[in-house]
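A.B. asks: dropping a prediction and its sequence here:
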Amino acid sequence: MSNITVAGTGYVGLVTGVCLAEVGHQVTCVDNNDEKINLLRQGISPIYEPGLDELIVKNTENGKLDFTTDYQSVYAHSDVIFIGVGTPENEDGSANLNYVFTVAKEIAESVEQDCLVVVKSTVPIGTNDRVEAYIKAHLKHNVKIEVASNPEFLAQGTAVRDTLYASRIVIGTESDEAKQILMDVYEPFKLPILAMNRRSAEMVKYASNDFLALKISFINDIANLCEKVGANIEDVTNGMSYDERIGNRFLNPGIGYGGSCFPKDTKALHWLAEEEGYILRTVKAAIDVNEKQKYALIKKARNDFPTFNEKKVAVLGLTFKPGTDDLREAPSIPNIRLLLNEGAHIQAFDPVGIENYKKLFPDQISYKHSIEEALEDAELCFIFTEWPEIKEMDLGLFKEKMKTPYIYDGRNCFSLYEIQNKGVNYHSIGRPSVIEYGVLDEVQA
Ligand SMILES: NC(=O)c1ccc[n+]([C@@H]2O[C@H](COP(=O)([O-])OP(=O)(O)OC[C@H]3O[C@@H](n4cnc5c(N)ncnc54)[C@H](O)[C@@H]3O)[C@@H](O)[C@H]2O)c1
Ligand SMILES: O=c1ccn([C@@H]2O[C@H](COP(=O)(O)OP(=O)(O)O[C@H]3O[C@H](CO)[C@@H](O)[C@H](O)[C@H]3O)[C@@H](O)[C@H]2O)c(=O)[nH]1
């Protein structure tokens, strides 16, 4: 088995490193963040990812996995180095490649043996060519270096499963030798391997993410229209999904896509296309619809509450999706900012996101550790994330705990059937509203 190094212990680097160790490789994970490496050495994952802690402990104990900040000594003697550092968004929408090129520099200055460098980070088309040229130009020793693209498709919250049982492994290289090395690295996973040139591999990643983002924006657009014409998006997507060409996944309407990938990867590809003199109209539409969709709930709430000043607002769900404590581009953030700016008092519940939220809003929010506490005495409630705890909550709590049970559900957590007869006013995305607060009491009286 190969001697493998992974640069970056974030969602991609750490999960990749741990899973490569799990299938039998000798893996060292490198990060320049001392705090993360210290935690990992104690067997604690710095990120919330189901199943990851157990695999970290198991593979560290069996000697397959270790962690270090000392990149020089590990890069010096690696057969394969995966780069899994961040490629965040620049202000103009392009991808920031500083972290990738810093690692490229560190590799060039450290390697003392022939080595395959594998770019796993999501990078604009042509970046692998540039990384290879850069490393070759800065090598300190006379060794042979190749660079291959190997984009990652895992989703947060299911990252371990997505890696061990990936839909496909994409390998981008023009070199038979590099291709063979990567085929050997991935052989124990027994997964479909698709080999192509580097630029195509880089494009597969952006095209996949942007297609999924477009699918979400499309369904949000249709959901908004459903509200205007009296259709129900749930029935509409169900009806669409029986056509196998459409399928039933990624058709959930909501308050838009967030996370560390779709928002930046749509903008980066659009930016890159523009540089090439081509306007990606479909991707631009996905971006524009998503930007507006973030505020779909607030817009509905405005009809009932012209101002949020001094209003007690319950918020259920803070993270950008369930199963993660990551807040990057979480739609809750701009909404909460707007509510706070208008003078609302927020009581927020999230099963795992509170600690990270405190870093963004340390004092302005009253954090609660149960749904009941968050709802206590509130005049309105926003749902931003469809955590199972929220989807399965006792719906009687809204009327029981809230001062006025006005609910704005940005993730369609409850069926219209189950929310009926609960004495609440319930607004969701693309479905008719349920208006019972006050009305039901009169009927029952
Ligand atoms: N998060 C996802 O779900 C996901 C999925 C597929 C692809 N990607 C892509 O993978 C890349 C990484 O994303 P992420 O979410 O894992 O990022 P992240 O921010 O969670 O992790 C990046 C890590 O790299 C470390 N780092 C920075 N500079 C370093 C250096 N010089 N040497 C060693 N470590 C260094 C950081 O300290 C951090 O721990 C991005 O390009 C992203 O677009 C992410
Ligand atoms: O039907 C849907 C599906 C998703 N979302 C939203 O879309 C965002 C992203 O969700 P998801 O794709 O599940 O999470 P990520 O972890 O960001 O994963 C995406 O981004 C990764 C980084 O590139 C890719 O590797 C994955 O394949 C891709 O799914 C979240 O805000 C979701 O709420 C919807 O609104 N409706």
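C.D. replies: Thanks, I have it. Ligands and ions are numbered 1, 2, ... in the order given.

A.B. asks: flag every residue of the stretch 101-250 of the chain that's near ligand 2.
C.D. replies: Thr122, Glu152, Phe153, Leu154, Ala155, Gln156, Asn209, Leu212, Ile216, Phe250 (Cβ under 6 Å from any ligand atom). The way it works is simple: take the backbone N, C-alpha and C, and place the C-beta from them, glycine included.

A.B. asks: ok, Ile83 - contacts?
C.D. replies: Ala7, Gly8, Val100, Val103, Ala104, Val117, Val118, Val119, Lys120, Ser121, Val131 (Cβ atoms under 8 Å, 6 or more residues apart in numbering).

A.B. asks: and the fourth one, what element?
C.D. replies: By that I understand Val103. Taking DSSP states H and E as the definition, Val103 sits inside helix 98-110.

A.B. asks: what's the mean pLDDT across the helix or strand that that helix is followed by?
C.D. replies: Once helix 98-110 ends, the next helix or strand along the chain (criterion: DSSP H and E) is strand 115-119. Mean per-residue pLDDT for strand 115-119: 98.

A.B. asks: I'd like the residues of the stretch 101-250 of the chain next to ligand 2 as CSV, with distance to ligand 1, pLDDT and secondary structure appended.
C.D. replies: As requested, these are exported to CSV (distance: Cβ to the nearest ligand atom, whole Å; pLDDT from 0 to 100; DSSP: H, G, I helix; E, B strand; the rest coil):
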residue, distance to ligand 1, pLDDT, secondary structure
Thr122, 4, 98, coil
Glu152, 4, 98, coil
Phe153, 6, 98, coil
Leu154, 5, 98, coil
Ala155, 6, 97, coil
Gln156, 5, 95, coil
Asn209, 8, 98, helix
Leu212, 12, 98, helix
Ile216, 16, 98, helix
Phe250, 15, 97, coil
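
A.B. asks: name the nearest of those relative to His270.
C.D. replies: Top of the list for closeness to His270, among these and by Cβ to Cβ, is Asn209 at 12.1 Å.

A.B. asks: quick one, which of the residues of the stretch 101-250 of the chain next to ligand 2 are buried?
C.D. replies: Thr122, Glu152, Phe153, Leu154, Gln156, Asn209, Leu212, Ile216 (16 or more other Cβ atoms under 10 Å).

A.B. asks: widest-spaced pair of the residues you listed?
C.D. replies: Pairwise over these, using Cβ to Cβ, the maximum falls at Glu152 and Ile216, 19.8 Å.

A.B. asks: nearest residue to the middle of the protein?
C.D. replies: Gly259 (3.6 Å; Cα atoms, centre = their mean).

A.B. asks: who are the neighbours in contact with it?
C.D. replies: Gln156, Phe320, Lys321, Asp326, Arg328, Glu329, Ala330.

A.B. asks: try 10 Å
C.D. replies: 155-157, 209, 213, 265, 319-321, 324, 326-331 (Cβ atoms under 10 Å, 6 or more residues apart in numbering).

A.B. asks: repeat that for Glu177.
C.D. replies: Contacts of Glu177 (Cβ under 10 Å, 6+ apart): Asp114, Leu116, Lys144, Glu146, Ala148.

A.B. asks: repeat that with 8 Å
C.D. replies: The contact partners of Glu177, taken as Cβ under 8 Å, 6+ apart, are Glu146.

A.B. asks: likewise for Ser366?
C.D. replies: His345, Ile346, Gln347, Ala348.

A.B. asks: around ligand 1, which positions in the stretch 251-400 of the chain sit nearby?
C.D. replies: Near ligand 1, when you scan the stretch 251-400 of the chain using Cβ under 6 Å from any ligand atom, you find Ser260, Cys261.

A.B. asks: so Glu373: helix, strand or coil?
C.D. replies: When classified by DSSP: H, G, I helix; E, B strand; the rest coil, Glu373 comes out as helix.

A.B. asks: picking up where we left off before, which pair in the contacts of Ser366 has the greatest spatial separation?
C.D. replies: Once Cβ to Cβ is applied, the contacts of Ser366 give His345 and Ala348 as the farthest pair, at 10.7 Å.

A.B. asks: of those two, who's got more company?
C.D. replies: The neighbour comparison of His345 against Ala348 (other Cβ atoms under 10 Å) goes to Ala348, with 24 against 18.

A.B. asks: which non-adjacent residue is nearest the more buried one?
C.D. replies: Using Cβ to Cβ, 6 or more residues apart in numbering and skipping the chain neighbours, the partner closest in space to Ala348 is Val315 (4.1 Å).
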